[in-house]
Each structure stands twice: as structure tokens, then as C-alpha cells.
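K.L.:
Here is my input, please return the structure:
(chains A and B)
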Amino acid sequence: MTNQITFEFSFPLPNGLHARPANAITEVVKTLGCRVSITNLRNQKVADASSVLSMIACDIALHDQCLFSIDSFPEQETASSAEQLLKQFLEGDFIHCDDALPELNTDQKPLPYMLRQETMNSLPGTAVSSGMAKGKAVHLGEPELALNPENIEIGAIDVETARFEEARQHLLAVMEHQAEQSSGEEQAIIKAHMALLCDQELISQLHSQLSSGESILNSVLTTQSYYSELLATSKNTYLRERVLDIRDVCSRLICEVYGAESFRTSDTTLTEDSICIAAHLAPSQFLALDRQQLKGLILESGGSTSHTVILARSFGIPVLAGVEQAGSHVPAGTACILDANHNLLIVDPSTAVARYYQLENLKQDRLAIKRQRFLGEKASTQDGQTIEVAANIASAEEATTAFNNGAEAIGLFRTEMLYMDRSQAPFEDEQVDIYRRALEAAGDRPVIIRTMDIGGDKPVDYFNIGTEENPFLGYRAVRIYPEYLDYFKTQLRAILRAANYGQCKIMIPMVATVAEAKWLRKTFNEVIESLHEEQITHNSNVPLGMMLEVPSCAFVIDQLARYMDFFSIGSNDLTQYFLAADRGNAYVENLYDSLNPAFLRQLKHIIDEVHKAGSWVGMCGEFAGDPIHMPLLIGLGLDEISLGSPRIPEVKEAISTLNADNCKSLLCEALTLETADDVRTLLMRNRQNSSANLPILTLDTILFDAECHSKAEVIKTLIDNLQINERLIDSAGAETAIWDREDISPTMLGFGIAIPHCKSDTIGANTISIMKLKEPVLWNEDDDVLTDTVFMLTVRASDAGNTHMKIFAQLARRIMRDEFRHTLATCQSQQELMAYISQELEL
Amino acid sequence: MNKALNIVAVTACSTGIAQTYMAADVLEHCARAKGHTIKVETQGALGVLNPITLSDLSSADLAILTNDVAIDDVDRFHQLKTITVSIDDILTTPQDILDGLLQP
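P.N.:
This is a model prediction of the structure:
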């Protein structure tokens, strides 16, 4: 006879009862000294609360009603106190055992119309290397059993059992060590795997297999497939995905017994355009791939700073990271599209989706061709004011890509990556080699090497800096140099030695005081002195500069300039320190805004002060990477801007359309405004006005013999064409405005003509676009009238009543007339069409 | 035998860029082809063009008004026989509308 106490409990965890929370329950149950069972009242499955797998098999989902039964012997008084303890745990700490599945990144750009209309099988991720790619899915590093279960050697039962136990214990010890070395999510997962390895049900299942004379290999494989099938039937996606945990633990057991060669890693020879999918990928594995065929990379793990990601960026290969379970969701050989603009991996795209990307590629190619002239040219405004447009890089490999993208210099070579993911700092010679490679790639173009920005949010093990409550205001960058002086001097020595191979400058991060600047100059001189004494070849004429990212510096620039040869504004940190707003904190990120007029006034002050001191000032940071900001940056009179290299052609193009005097007046106006939104509106208005004077119809806005297969393709093609011709402020918005009008009623006229149109803020220049289609398309799904001629009228919202409006009205009336349409149909070229319409509308 | 009518009309559409003017053109063209007299006021992005005056109203037999968006100053037509049509109908089947005018 036993005492039994029962209570019901509604299951509170969003992902159901999987290994991690189940593990937590077993930990508590162990301390109770009672037998506890759980019945899932939804499906009547019963679990032993001391077995993780038994509980997982119960398939308990969020809000499932569960019956907990606590049994104890009558002589024990423990049952009621056990109930108390268990309830206390379930209602208290238990809820923290698990988090909701990460929600879709809310920062994601809205999808363009063509994609919104399609049902897509897609996985979200985070773009860590930009671009788009199309290819067949190839799985990397997926283990494949190399052993043959049929003819594996089997020892006597007791020998096999002992061998298995030894392997299991050893694996546990290894995992214990790994858990100690890791933290957070990773540690929790390792512990959950350890719990699986200690699970009584799993062990007894394995032992019973072994005692029936099976090999360890077969016992493990049988047990693995038993639990995999059990989990695979779960109604909870998250639990279904735990199959991977079982497989992982079982694979490791097999390797423990039979050696690491038990699994072959898959063949990584790429035979066609491929999108490679891996949990994580070592740089060596990445480099072994054929880059002719490698079009894109999908990583299940997150992180944008791994060496693999940096390599991929340098080769221009788009990468999405943090694509959870990509391996299990995307079968090998499936056609995929990687879209780093929209942070999506699209699996097995429909024809329409594939067409969207084809058109998008076409547009990118046209833009690239149009911007090609900027690659070899220095950035300059219409009236000849120049600003150096440089690139930010994080590895020597990226320098070449940057110059191919039209960089005039390297404005920021971040060096912290050299120190990360390793157990000791890079040696001097190793560093010399890296800096030398970047300098050689640059030729006579300058390269600004920034010394290590380590500490705070960029921890490195061997720099024993503990965790801080507020790392951004803490011990990082220049502040740690006195303590880690050897590392700092080694880096300076390496840069000075490499400096003979190019135009090198050194820049120090996070300087906040003149005292630091003095100390830096003194240390710099000491390093030069020692190199000199040691008679080591070096270049002592290297400019020493600093980042301007701490607001205190703004008021002592005259003094700083005594010790520093140049300055570069780090707009990200300067904004967050200046406005006291952490940009990673969703509650205050609205405050983090570099267009805040106070921030702009500070920039103006800084740049004027630097120039007054006769020095040079650039800007590296996101603020410098957006073409929209160029009028302000030109107006401010910066000497240089440094940005991610993919946007350089676009930024140079934006600069080429500006007039420096206009930029100065625009800046003056911005400085008098009260809010960041006011500044944004000003920039927008300025941009609208700059394109307002384009002629309403040009040869560029007439498309002849267009190959479009649907109405959506027609509209995208026309909108893309306007974007290429700089007639739009916001192309996605313009496309939406056109579709909003179509949704009221399709603009099909009959006579094979459609007239999509909109009046919107997103339009920069009033335009008549004309498209003659090679093959007609269906404009309206409800009838079968075909369209082969499209007039698209895009009108600025603010222009009601002007002369352009009269032209639009005139055109509308003309289209209704037989003779006009007839002549239109007989026009054989863009020129002919242009001439006829110009004459009719008196353009 | 067809009677020649004296028609006034107002066209207006949601964006006021295209169809307001297209419909006006179609009405003018078709009505005149049938021997009617017509004056079409457009209420579009150019504002009110070719406005219908009091004397136009006093001599008119009937009014054609579009119903895609609200028409300004619609009270003017209260004393008149009024036909309300959609712009799409004017653009696609203008003959039907004009033929309908003569039905009792």
C-alpha cells in the first residue's frame, strides 16, 4: 500500500515539455524521495517523472492539463511535503526553464508586392553578408554512418555492456567539461544532452538490447530510431525537432565506442550553383568549397563576426545566419533562393517567385552598369567639392573587394577579429603579415588601421576582463591598453613594421580625455624608439589619429590636435553616448537617432573645430553609409566617409547629384529644426525637389518589346525602371501605391490598354511610362481581356494643378481616341513613339 | 425618332489623374456623335475644369454624374433628371448609357 497525493497542473511552457524542462523536473523529483508520475489528461499518456524521455513521450504541449501523482510508502510522511515542494517549483522557477521560440525578426523589411502575393515556404534568418543567390541546397558536415551494422564485431554480452558503460561515462565527463567551458543557451543544451545520456529509460532500453546479444552499434541505433519515431509523431513542432538532440547524443555515443571515423562527413564537391547549409562552418571548410559554384551560405548558428562570415563577405557570397533548423527543413537538392535583403531563405520557389528574383537581378545589374563609372572616379559633387569615400573592413581579405567596389581608401580596418576565437594574442610577425596584405592590396591608397577594440561587448578570453554591468561605459578599447601594454605595443610594432608596404595610418578607439591622447603619443614614440634601437625595419612617419566617439572630446579638440594627427567620427557610439540611449534596447532605440538636430549641431561643432586646428576629419559608422544623408555630410564639410563597401557605388552616385552650396544651406536649415523627424522630412523634400525637374517623358521611360508574363511583372518592371532612372523616392512605396489603386478597380481600359497610376509622396519626378509588351498579359483576372500596351502615370502628391497635371489629363483624353491609339499601334520604335506623343501633348 | 438632348455631366475618380479626363472625353465624343449637346465638368487633380454654370443648368434636360467618389456641389442637380454611373461603365459601355437616356 502506498499513500498517493494527486494534483492537476496546466502546462505553462510555450514549447511543450521537451528535454530541458523535463530535465529540470527530474532534478527536483530526485530530491523528493517519492515516485512521481505525470498523466497527460489530453492523451492519457503516463510518464515517470524521473525519466526525461518518458516525459517527452507524453507529448505534453502548452496548456495541456497534467495530473501529477506522488506515491510514498505509508510509513513515510513525505508525500504532502513533496507535493508542496513540487508545486512550489512548478509554479515558481519552472516557468524560467524555457523561453518562447524566438519570434520573427520584427525589423524585417516588408516584402515587395510580388512576393506578398505568393505562398512561400521560407525560413527567416539574419543577413550577415549581403546579396541574393539562387542554387540547389547542399548540406555540409552532415554525418553519415560509415560503419556497417550488419558485420560489426560483437564481444561477449558482459564485455559489450562494460564497454558501453565505459563509453557512456567518458562521454558524460567530456560533456561536463564542455558545459563548464560554455554559458547560456549552449550550456543549457549540453546539460539537456547530458540528462538524455543519464535517462533511466534510455539506459534500460539500451541494456536490454545489449543483453539480447546485440552490438553496441545496433543497440544505440535501435534505441535512437525508437525515440526519434516517438518524438516525430508529436503534435508540437518544437518537440519534433528534438529528434536532433537524440540523434546528436546517439552519434556521439557511437563515436565514443567506435572512434570518430564512424561517421563520414558528406562529400562537399559542388557540381552546380549551390546554396550550402551548415549548422556552423569552420573557415577551413568554407575555403575548401568551390567558389565558382558556391552562391550562398546558410548557417543555423547566429553571429556575424565569425571568420567564416568575414571570409564570405570578402568573396561577396551572401550569408544568412541564425536560420534555425535549416538542415532539417531543406532537403538536399531542393532549389533555394537566398535573399539577404529580406532576411529570407526561400525553399522550392514557385515560378512567380523565381521570376521576381530574375527581375530583381536584372535591376541590380542595370544599376551596377549605371554606377560603373563611379568605380574608378573620386566622389565629387556637381560643383566639384570632393569627399573621400572609403571602406570599412575587418580582415585583409576584404580590402580587394572594397577596392573593386570603388573604395578610394580603407577608412577603418577593424583589428579585433584578429584577437577573437583563439587562445592567445596573434604574434607580431603574424600581424605584420596581415597588415601588409591589406596595405599591398591598397597600393598608394591610404589604409587606416584601428587598434584593437576589445573588452565590454567584445570579450576575449585571454584578456581576463570580467563581465561588467554596463560594458559600453566600461573597461574597453584604449582603456585597457595600460594594463595590457605588451599586447598594445606588439600591435603598434606590427603596424609600423608593415607600414613600409603602403600608405598606413593608425587610429585609436574610445579616447575620452586629453590625458589618454598624451599617453598614446608617448607610447607611440616609445615603440618607434625601440624599433629604431633594435634596428628593425619600420616606417616611423605613420600618422597617429583617434576615433571621436566620446562626446567629451568635442570640447577639447584644439588640445587633442596637439597629440593626434587626424580624427574619425564613430557615429554609432557617438550617437549612443551623446543621447544616452542604448541602440540595442527596444525601449529607447527611438532616442538613438543620428538625425537628431542636437547631434547634427555637435557634428558641426566637431568638424569646424578640427578644421580650425588644421587637421583632417572623417566619419566611419552607419550614419555615413546611407545615401539619404549625403547632403548633410557634404554640408558638414567632412574630409572622408567610410562605409561598408557594397554601398559605395550608390553613395558616390548620390554625391554626384549634389551641389555643395545647396548642401550647406540645407544643413543650416536642419540645424534650426527641433526634431529628428523634421530633419528626415527636410531630407525627403530636398530629394523630391532635386528630381522634380526631370522631363515627364523620355526615351528611358519608354520600354519596347518588354518580356513580362503577368500584370505583377509589368508593374515591377516599370517601377524598377523608374528607380534606375532616379525618378522615385521610395520604390517599394511607389509599387504599393500603384497596387492600392489597382485594388479599387483594375485600370484596364479595353483596346489592349491599361493605365496603372498613382499620386503619392513616394514619387520624385512626374513621369509617363509607356510599355509595349512582346506578348500580351491578362490585366484583370475576372475577364479575359488582354493588354499589350501600358501607360503608367506616376504623379507627385504635392503637384496638383501644375503643368504636368495638364499633360496627364491631356494624355488621358487622347488615349480614348481611336486615331491616337491607332497611330500608337503602328509606332515601331521608342523614338517614333516618343516623337508622336511629344507632338500630341505638345511636350 | 431620336430626340437631341441638352446634357450636363460631372466626372471624378479616386486619384483624379486619368479616368476623370478619359470619361469626360468619352462622354463628349459619344454624345455629340448622337447629336446631343453636352458639357462635362471634370473634378480631378487639376481642380474643377469646365464648370457647369447656372445657365447651363437651366437649359439642361438631364445630368450624368459619376459615382466613384463624392462629387462636389451635387445639390446643383436636384431639380434635374439625374443619371448616376460608374466611370468604368462610361469607359467600357458608353453607348449603353447614352441609349438609356432616351428610355422613358
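K.L.:
what sits against A:L344?
P.N.:
Each residue near A:L344 by Cβ atoms under 8 Å, 6 or more residues apart in numbering or on different chains is listed here: A:120, A:122-125, A:320, A:337-338. The C-beta positions use only the backbone N, C-alpha and C, and glycine is treated the same way.
K.L.:
Which members of those occur in strands, if any?
P.N.:
Using DSSP state E, the members of these that fall within strands are A:122-124, A:320, A:337-338.
K.L.:
For PyMOL, write a command that selects the buried ones of these.
P.N.:
Selecting only the buried entries of the ones in strands among the contacts of A:L344 in PyMOL, with 16 or more other Cβ atoms under 10 Å in any protein chain shown as the criterion:
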select buried, chain A and resi 122+123+124+320+337+338
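K.L.:
Not counting its own residues, what contacts the longest helix along chain B?
P.N.:
Across chain B, the longest stretch assigned as helix under DSSP state H is helix B:19-33. For helix B:19-33, contacts defined as Cβ under 8 Å, 6+ apart pick out A:747, A:749, A:755, A:808-810, A:812-813, A:815-817, B:5, B:7, B:9, B:11-13, B:37-38, B:40, B:42-45, B:50, B:64, B:66, B:68, B:87, B:90-91, B:94-95, B:98.
K.L.:
low pLDDT regions in the stretch 551-700 of chain A?
P.N.:
Applying pLDDT under 70 to the stretch 551-700 of chain A flags no residue at all.
K.L.:
show me the contacts for A:Q559.
P.N.:
Contacts for A:Q559 (Cβ under 8 Å, 6+ apart) come out as A:514, A:517.
K.L.:
do that again at 7 Å, thanks
P.N.:
Residues near A:Q559 by Cβ atoms under 7 Å, 6 or more residues apart in numbering or on different chains: A:V514.
K.L.:
so which strand or helix has it?
P.N.:
Assigned by DSSP states H and E, A:Q559 belongs to helix A:557-560.
K.L.:
Kindly export that helix (C-alpha atoms) in PDB.
P.N.:
Presented in PDB, the C-alpha positions along helix A:557-560 are these (Å, rounded to 0.1, in the frame of the first residue of the first chain):
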ATOM      1  CA  ILE A 557      39.600  69.200 -30.000                       C
ATOM      2  CA  ASP A 558      42.200  72.000 -30.000                       C
ATOM      3  CA  GLN A 559      44.100  70.200 -27.200                       C
ATOM      4  CA  LEU A 560      43.700  66.700 -28.700                       C
END
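K.L.:
can you list contacts of the helix or strand following it?
P.N.:
For helix A:557-560, the following helix or strand on the C-terminal side (DSSP H and E) is strand A:566-570. The contact list for strand A:566-570 (Cβ under 7 Å, 6+ apart) reads A:411, A:448, A:505, A:507, A:543, A:545-549, A:603, A:606, A:610, A:615-621.
K.L.:
same check, this time on stretch A:600-614
P.N.:
A:548, A:554, A:557-558, A:561, A:567, A:569, A:578, A:617, A:632, A:636-638, A:670-671.
K.L.:
Give me the buried subset of those residues.
P.N.:
Among the contacts of stretch A:600-614, the ones that count as buried (16+ other Cβ under 10 Å) are A:548, A:554, A:557, A:561, A:567, A:569, A:578, A:617, A:632, A:636-638, A:670-671.
K.L.:
Where strands are concerned, which of the residues you listed count?
P.N.:
Members of these lying in strands (criterion: DSSP E): A:548, A:567, A:569, A:617.
K.L.:
Direction included, what does the host helix or strand of A:C504 pair against?
P.N.:
Secondary structure from DSSP H and E places A:C504 in strand A:503-508. Using DSSP bridges, strand A:503-508 pairs in its sheet with strand A:446-450 (parallel), strand A:544-548 (parallel).
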